[in-house]
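A.B. asks: 3D model of this:
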Amino acid sequence: MSDQARQDGQLSGAVLLYTQPEPLNPEQHGKLGIRTSPTPYKFALTAHAVPLMVTEFGPAAMNYPIIFAGELLQPMAILSIRQNENLFVSPDGAFDADAYVPAYLRRFPFVFADDPDNERMIVCIDVAAEALTMGGDLPLFDGDQPTEFTKAAVEFCTNYESERRRTESFVKTLQELDLFELKEAFFTPQNPDGTPGEPVRLADYFAISETKLRALPLEKLGELRDNGALMQMYAQLVSLHGWDKLVARTIARDATPA
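C.D. replies: So this is what the prediction gives:
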């Protein structure tokens with residue numbers, strides 16, 4: 001998910017939900033600030049899945065199915081069974097108060113990018129973010145110095161980067177132990193007469209195989225338990241019950257008048 005910073009101050013590549021990220025600096029962004037709002041997640045209205053860090057598996061498993069997707073088997077929290085829909089964000093941008101908000105969304109509009117030589121990380125901000133305005137409630141800079149708000153945002157991104165590397169290591173462990181398997185999520189609708197209808201396939205995805213996990217040697221299971229990985233593995237398995245919750249939310253949303 002990292003981008004390359006170009007010499008013209010822009011970024012190459014694409015980052016999910018970010019439209020126009022730029023390296024943060026006082027010359028270009030000195031008069032900008034974040035407009036505070038109780039409904040700040042409108043930018044995620046069409047995000048049906050977002051990246052998830054391994055340390056988030058526990059709280060996220062209460063609300064979302066957690067799957068592994070793409071060539072890198074990136075952990076993802078599934079927010080809807082339909083494309084371009086987020087069942088946890090209202091049209092005005094309020095996130096469901098009873099649901100866990102993934103860190104990927106909480107860090108917006110800030111993000112880290114690699115420099116051209118991959119020797120350091122560059123703090124960037126999405127200048128197309130609706131919350132970013134001239135003279136916003138939370139200024140980015142005081143003169144040419146970052147404000148406490150910006151420092152806190154940078155620290156959050158720094159911690160996120162550390163968790164990203166930890167997540168990559170977790171996925172590598174799963175691959176080395178051959179614990180992945182391809183799964184399918186189905187929904188069986190009910191016919192008007194109350195009988196079960198034809199099953200509808202919702203998704204094909206990679207997940208941890210409970211059978212393969214149970215078959216690991218006791219010594220390896222003990223090692224995974226001691227380093228915390230086993231707890232996260234079982235959290236991912238438990239999260240798969242969330243497919244039914246997403247179906248229920250979809251039915252409830254469709255039944256609610258606009």
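A.B. asks: For the stretch 51-200 of the chain, which segments count as strands?
C.D. replies: Using DSSP state E, counting those that start in this stretch, the strands of the stretch 51-200 of the chain run over 66-69, 74-78, 110-114, 121-126, 132-134, 138-139, 141-142, 145-146, 180-187, 200-208.
A.B. asks: who touches the spatially closest residue to Met76 that is not a sequence neighbour in this structure?
C.D. replies: Nearest residue to Met76 in three dimensions, chain neighbours excluded: Ala49, at 4.6 Å (CB to CB, 6 or more residues apart in numbering). Glycine gets a C-beta too; all of them are placed from N, C-alpha and C. Each residue near Ala49 by CB atoms under 8 Å, 6 or more residues apart in numbering is listed here: Ile67, Ala69, Met76, Ala77, Ile78, Leu79, Ser80.
A.B. asks: Serialize the residues you listed to TSV and add fields for pLDDT, neighbour count and distance to Ser169.
C.D. replies: Formatted as TSV, these follow (pLDDT from 0 to 100; neighbours: other CB atoms under 10 Å; distance: CB to CB, whole Å):
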residue	pLDDT	neighbour count	distance to Ser169
Ile67	97	25	19
Ala69	95	15	18
Met76	98	22	17
Ala77	98	29	19
Ile78	97	26	23
Leu79	97	25	25
Ser80	96	20	29
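A.B. asks: closest to Met134 among those?
C.D. replies: Nearest to Met134 among the contacts of Ala49, counting by CB to CB, is Leu79 at 31.7 Å.
A.B. asks: Ramachandran coordinates for that closest one?
C.D. replies: phi -100, psi 0 (degrees, to the nearest 10).
A.B. asks: Please verify my assumption that it contacts Phe88.
C.D. replies: Yes. Counting by CB atoms under 8 Å, Phe88 is a contact partner of Leu79 at 5.5 Å.
A.B. asks: gap between Thr167 and Glu223?
C.D. replies: To Glu223, Thr167 is 19 Å away according to CB to CB, to the nearest Å.
A.B. asks: Looking at those two now, which is surrounded by more residues?
C.D. replies: Ranked by neighbour count (other CB atoms under 10 Å), Thr167 and Glu223 place Thr167 first, with 20 against 14.
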